[in-house]
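Asker: 3D, please:
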Amino acid sequence: MKYIVNTQNLFEAENVRDNLAKSRRNKKFKDSYSTMFVAEKDLNTPKFWNRINSIGHKDLVSSSIYKDKVKQILKMLKAGYGNLLDVGVGTGEVEKSLQNSKYNLFGIDIASSTIKIISRKLIGTYKIGNILKIPFNRESMDVILALDVLEHLPTNSTFRAYSEFSRVLKKNGKLIISVPLNEGLELMLEKGTNPNGHLRAYTSEILKYELEMSGYKVLEEHFLYAFRKYYLLKKLILKLLPIQIRKPNLMILVAQKK
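Answerer: Numbers count the residues shown, from 1 in each chain. You can find the predicted model right below:
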């Protein structure tokens, strides 16, 4: 079966990747990250993230789904130890809760002002750095977090990022990734806006297949939903229902380097 896509349409390209992942077409899937590269305007500059972290930070961290995400991540890290690197550390919300843990904390971000602030306030080593050239040694980390980061990369850089994860992560080390799902990006782009600078429209199948092809074994998967009101009650109701009546808005995967 031939897959044909209009390379100017990000969402057609992601739909093709989703089908290739489901049918486990390794070579065509990997090739699609260059041949179906969509040159959406990349807003993800240090200036952009310095502004986002200072202006939009309060609304983000106060949202129920964000709080739940951090809670779930901390649960995954409970009782762990070793070197933990947060790629795209932002304002260090996870690290704030790990100050008295057994982890040695490290973080990188392209936003220089953010790094300056958390370096003063939090225990750990925080550097200005890029996901495609992580400034730490080979096999130096036991855990890597990449929370809401991959969707900011153009597709032709995706597997380079996974290669960097693998370079700095120890054998059998854990990689914890989150990406947004079903966020309405297509409608936002049609309206000429992209407030979060997203360049990808992930599906669960795409993310899991990217990990598999990069030498990781998926251990856990979790889905969260963006409810504005009655978050805990609605979350419980969805959990109890025998069928899925709503699409999730965030996915968290725990994977292990083979």
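Asker: going forward, measure contacts and count neighbours with C-alpha atoms only.
Answerer: OK.
Asker: Quick check: what element follows the host helix or strand of residue 71 along the chain?
Answerer: In this structure, residue 71 sits in helix 64-77 according to DSSP states H and E. Counting by DSSP H and E, the next helix or strand C-terminal to helix 64-77 is strand 81-87.
Asker: For whatever helix or strand comes next after that next one, list the C-alpha coordinates in PDB.
Answerer: As assigned by DSSP H and E, the chain's next helix or strand after strand 81-87 is helix 93-96. Provided in PDB are the C-alpha atoms of helix 93-96 (Å, rounded to 0.1, in the frame of the first residue of the first chain):
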ATOM      1  CA  GLU A  93       7.700  22.500  39.000                       C
ATOM      2  CA  VAL A  94       8.700  18.800  39.400                       C
ATOM      3  CA  GLU A  95      12.000  19.700  40.900                       C
ATOM      4  CA  LYS A  96      10.400  21.900  43.500                       C
END
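Asker: from the chain's centre, how far out does helix 93-96 sit?
Answerer: The chain centroid and the centroid of helix 93-96 are separated by 16 Å under Cα atoms, centre = their mean, to the nearest Å.
Asker: coming back round to it: output the helix holding residue 71 in CSV, but only the C-alpha positions, please.
Answerer: In CSV, the C-alpha atoms belonging to helix 64-77 read as follows (Å, rounded to 0.1, in the frame of the first residue of the first chain):
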residue,chain,number,x,y,z
SER,A,64,-6.1,20.9,37.0
ILE,A,65,-4.6,18.8,34.2
TYR,A,66,-1.1,20.3,34.8
LYS,A,67,-1.4,19.7,38.6
ASP,A,68,-2.5,16.1,37.9
LYS,A,69,0.4,15.6,35.4
VAL,A,70,2.9,16.7,38.0
LYS,A,71,1.3,14.5,40.6
GLN,A,72,1.4,11.4,38.3
ILE,A,73,5.1,12.1,37.5
LEU,A,74,6.0,12.4,41.2
LYS,A,75,4.2,9.1,41.8
MET,A,76,6.3,7.4,39.1
LEU,A,77,9.5,8.8,40.7
